[in-house]
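A.B. asks: could you work out the structure for the sequence below:
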Amino acid sequence: MTGGLFPPLAAAATPEPVDIPRDPAREAARDELSKPMYHQDDPSLFTRAFNWLMDRFQELVDRMTSVAPGGGFGIIVVLLVAVGLIIALRLRLGPLRTARGRREALFTAEGPRTAAEYRALADQAAARGAWDDAVQNRLRAVVRALEERAILDERPGRTADEAADEAGRQLPDLAAPLMSAALMFDDVRYGGHPGTEQMDLALRDLDTRSAAARPAREPVAAGPDRTPR
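C.D. replies: The predicted structure follows:
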């Protein structure tokens, strides 16, 4: 009787989850950078342990503040200890830097160089194990080569992210590797992340692939926001 009047709850229509489209190049770049080879130089166990300790310390300060509003001698002592820990951390790990702060032009003000010259600089840096310089000059070689082939226009002041975005629209098959390369450049140049041999090898491969790539007849339109976050 009841079943005839009221249909089973399972039969009620369930809204389908909304699939919000995301920038495929940016997502592919993040997937690429999630590979273990890009994380060999991630923060050490000491750094992670210290960060955990500081989080617990902050919780302790918050609890003490709630118990003794307006402060007190105990809280002053705790804060002095915190200052000492912060100073020790700065001395141990150096200045704190972030990769998503300021960004400068991909090409420095040293004067124009050819793609071959940037490759030579990257090779020299790699030979002596200076992976930071190798990574940066390798990406400069890739972008300069695209400018020399007129795939990109020569535009002073362009950042690595802008170059990757513009080149990815001309070479859609390389959009994800180009964005990955720009993220690596940013991490090394601005984020204090050390360059690695694996990064240099990835950029060497990108240089080879981009040299053989041909631009699309109809460039891919830019999305609303393709800047990595």
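A.B. asks: going forward, measure contacts between C-alpha atoms and count neighbours the same way
C.D. replies: OK.
A.B. asks: show me the shaky parts of the chain.
C.D. replies: Applying pLDDT under 70 to the chain flags residues 1-50, 53, 61, 63-83, 85-103, 109-111, 218-229.
A.B. asks: residue ranges of the helices in it, please?
C.D. replies: Secondary structure of the chain by DSSP state H: the helices cover 2-5, 24-33, 45-67, 73-93, 115-127, 131-148, 160-170, 175-189, 197-212.
A.B. asks: counting by contacts, list what the last one packs against.
C.D. replies: Looking back up the chat, that one is helix 197-212. Counting contacts by 3 or more CA pairs under 8 Å, 6 or more residues apart in numbering; DSSP states H and E, helix 197-212 packs against helix 131-148, helix 175-189.
A.B. asks: so Ala175 sits against Ala167, correct?
C.D. replies: Yes. With contact defined as CA atoms under 8 Å, Ala175 reaches Ala167; the gap is 7.3 Å.
A.B. asks: check contacts around Ala130.
C.D. replies: Going by CA atoms under 8 Å, 6 or more residues apart in numbering, Ala130 touches Gly195.
A.B. asks: now with 10 Å, please.
C.D. replies: Applying CA atoms under 10 Å, 6 or more residues apart in numbering to Ala130 gives the contacts Ala122, Asp123, Gln124, Pro194, Gly195, Thr196, Glu197.
A.B. asks: cool, Glu104 as well?
C.D. replies: Going by CA under 10 Å, 6+ apart, Glu104 touches Gly157, Arg158, Thr159, Ala160, Asp186, Arg189, Tyr190.
A.B. asks: now it: how far from Ala211?
C.D. replies: Counting by CA to CA, to the nearest Å, the gap from Glu104 to Ala211 is 25 Å.
A.B. asks: re earlier: top of the contacts of Ala130 by neighbour count?
C.D. replies: Comparing these by number of neighbours (other CA atoms under 10 Å), Ala122 comes first, having 25 neighbours.
A.B. asks: what's the separation between that residue and Asp173?
C.D. replies: Applying CA to CA, the value for Ala122 to Asp173 is 25 Å.
A.B. asks: how about Ala167?
C.D. replies: As for Ala167, its distance to Asp173 is 10 Å (criterion: CA to CA).
A.B. asks: give the residue from the two that has the larger number of neighbours.
C.D. replies: Between Ala167 and Asp173, counting by other CA under 10 Å, Ala167 is the more crowded of the two (25 against 17).
A.B. asks: which residues are common contacts for Ala167 and Asp173?
C.D. replies: Ser210, Pro215.
A.B. asks: any idea how far the closest residue in space to Ala134 that isn't next to it in sequence is from Gly195?
C.D. replies: Residue nearest to Ala134 in three dimensions, not counting chain neighbours: Ala122, with 4.1 Å by CA to CA, 6 or more residues apart in numbering. Relative to Gly195, Ala122 is positioned 12 Å away (criterion: CA to CA).
A.B. asks: give the residues shared as contacts by these two.
C.D. replies: Residues touching both Ala122 and Gly195 (CA under 10 Å, 6+ apart): Ala130, Trp131, Asp132, Asp133, Ala134, Val135, Gln136.
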